[in-house]
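Please work out how this folds:
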Amino acid sequence: MVKLTRIYTKGGDKGKTALGSGQRVAKHHPRVAAYGTVDEANAAVGLARLHTQGLPDPEVDAILGRVQNDLFDLGADLATPEVENPEYPPLRITAPQVDRLEGEIDRLNADLEPLNSFVLPGGSPAAAFLHQARTVARRAEREITTLAEAEAINPEAIRYINRLSDLLFVMSRYVNDKGAGDVLWVPGANR
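The predicted model follows:
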């Protein structure tokens, strides 16, 4: 476990931060942007959880709790550059974590009617916050794939964040009375 005895270190006062490898980079470095946006996604999932606790299916909140832990794993993965033969193997997102998300997507999606239109964020508070988390996860995915164009990263990290946004979309429909409460886009409705 991580033990934090001091919250401020003053190490970033000059616009630099340390990666998991100890290397110091600018706070606007693409790697920092990627794991920073993952942190934002985690916070958005936390807000969604305020509205999923006490729902009829307690597994929804349990899934989100696992996701929040995984997002810390993902942040640690992204904060530690890939190197050959590291002295200490870094924490990395694994294929079973991605597989678990796929299973959860399939389980929740099995109860939903097929879509006939795009869904607008809304319906219930839980669904709206899940949509917000989904959009932040998509932004994190853009940051991660931008980083991947410049540096080697764990391919499971990209797979995980891609599946997460899918899970959050399906979950938003699931908590919207299994899609009955979805707000559907009506193209050109206000012309």
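
Can you name the residues in contact with stretch 74-90?
For stretch 74-90, contacts defined as Cβ atoms under 8 Å, 6 or more residues apart in numbering pick out 19-21, 23, 31, 34-35, 38-39, 42, 91-93, 144, 147, 151-154, 157, 160-161. For every residue, glycine as well, the C-beta is placed using N, CA and C.

which residues of the chain score low on pLDDT?
Along the chain, segments meeting pLDDT under 70 span 1-2, 4.

residues near residue 165, how many?
The tally of other residues near residue 165 (other Cβ atoms under 10 Å) stands at 19.

Hmm, residue 134 and it touching each other?
Yes. Using Cβ atoms under 8 Å, residue 165 makes contact with residue 134 at a distance of 5.0 Å.

which SS class is residue 134?
In three-state terms, and counting by DSSP: H, G, I helix; E, B strand; the rest coil, residue 134 is helix.

For it, give its distance to residue 164.
8 Å (Cβ to Cβ, to the nearest Å).

of those two, who's got more company?
residue 164 (27 against 24).

what's the closest non-adjacent residue to residue 148?
For residue 148, ignoring the flanking residues on the chain, the nearest one in space by Cβ to Cβ, 6 or more residues apart in numbering is residue 158 at 6.4 Å.

The one you found is in what secondary structure piece?
With secondary structure defined by DSSP states H and E, residue 158 is part of helix 155-175.

Please apply the same query to residue 99.
Secondary structure assignment for residue 99, by DSSP H and E: helix 95-109.
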